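1. fold the stuff below for me.
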Amino acid sequence: MNDYRILVVDDEEDLCEILKFNLENEGFEVDTANSAEEALKMDIGSYNLLLLDVMMGEISGFKMANMLKKDKKTDKVPIIFITAKDTENDTVTGFNLGADDYISKPFSLREVIARVKAVLRRTTTAEAEQAPERLVYQSLVIDITKKKVSIDGEEVQLTKKEFEILLLLVQNKGRVFSREDILARIWSDEVYVLDRTIDVNITRLRKKIAEYGKCIVTRLGYGYCFEAE
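-> Numbers count the residues shown, from 1 in each chain. You can find the predicted model right below:
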């Protein structure tokens, strides 16, 4: 499960660090925020799951969840509420806001980890069942089923690796992938591949997709991402 990214939002810093430590031990990538205001400045749409405290400052967890569900960039991100508010009304409110689960404090870490994995399994399965056959960004069309790319209706001839790199980046707009990430995903079966191989393929890909080449951005020291204009 080491491809999953989780954001923990809670005003108790110690609790954030405990959850971060234990979830990272399970192989997850975890970030934390100590307020809704701090979290809302982050790229929430890039996370696979939110662990969200209800009772925070000016913006409560319920209010933040309501904001996220109204935004197309974040409305599909699963939410687990973690809170001391455990009345029936609070639980119902959480689920009415689109929560995927609701955990009351105090809780055991084993319970949290089990519920996190259960929600990720459910949402991952649902996403796989609804996976689009095509990805469209302006006039750039990636036909996942036919393994073809076209711009303004004209097919672009890509190699298998170029297609897979483009698909990976467009499916995860805004997310930075290191060379190691790309090698592990695209060249997983090959014994030895140089980092330079990634750079060469990216350079060729940028040229082939013409005006959209500039959307493949280099983050020096980190890797590559696809940034929508």
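2. how near is Asp71 to Met64?
-> 11 Å (CB to CB, to the nearest Å). Backbone N, C-alpha and C define where each C-beta goes, glycine included.
3. over to Ile144?
-> Taking CB to CB, one finds Ile144 at 33 Å from Met64.
4. out of the two, which sits in the more crowded spot?
-> Using other CB atoms under 10 Å, the more surrounded residue of Ile144 and Met64 is Met64, with 25 against 14.
5. which residues of this protein fall in helices?
-> 13-25, 36-40, 61-69, 88-96, 109-129, 160-171, 179-186, 195-208 (DSSP state H).
6. weakest of those by average pLDDT?
-> Among the helices of the chain, helix 88-96 carries the lowest mean pLDDT, a mean of 72.
7. so for Gly221, which of the helices of the chain sits nearest?
-> helix 179-186 (10.9 Å; CB to CB).
8. the closest one packs against which elements?
-> helix 160-171, helix 195-208, strand 223-226 (3 or more CB pairs under 8 Å, 6 or more residues apart in numbering; DSSP states H and E).
9. ok, 7 Å please
-> helix 160-171, helix 195-208 (3 or more CB pairs under 7 Å, 6 or more residues apart in numbering; DSSP states H and E).
10. just these: most buried one?
-> Stretch with highest mean neighbour count among these: helix 160-171 (a mean of 19; mean count of other CB atoms under 10 Å).
11. contacts for that helix, please.
-> Helix 160-171 is contacted by residues 135, 137, 142, 144, 147, 149, 158, 177, 182, 185-186, 201-202, 204-205, 208, 216, 224-226 when judged by CB atoms under 7 Å, 6 or more residues apart in numbering.
12. what are the structural domain limits within the protein?
-> 5-129, 134-226 (the TED database).
13. ranking those by burial, who's on top?
-> Note that of those, domain 5-129 is the most buried (mean count of other CB under 10 Å), with a mean of 17.
14. measure Asp53 to Gln138 for me?
-> Taken as CB to CB, the span from Asp53 to Gln138 is 38 Å.
15. against Ile6, how distant is Arg110?
-> From Arg110 across to Ile6, the span is 16 Å (CB to CB).
16. go on, Leu19?
-> 9 Å.
17. mutual contacts of those two, please.
-> Leu51.
18. enumerate every residue touching the closest residue to Thr93 other than its chain neighbours.
-> Nearest non-adjacent residue to Thr93, counting by CB to CB, 6 or more residues apart in numbering: Phe62, 6.2 Å away. Counting by CB under 7 Å, 6+ apart, Phe62 touches Val54, Thr93, Leu97.
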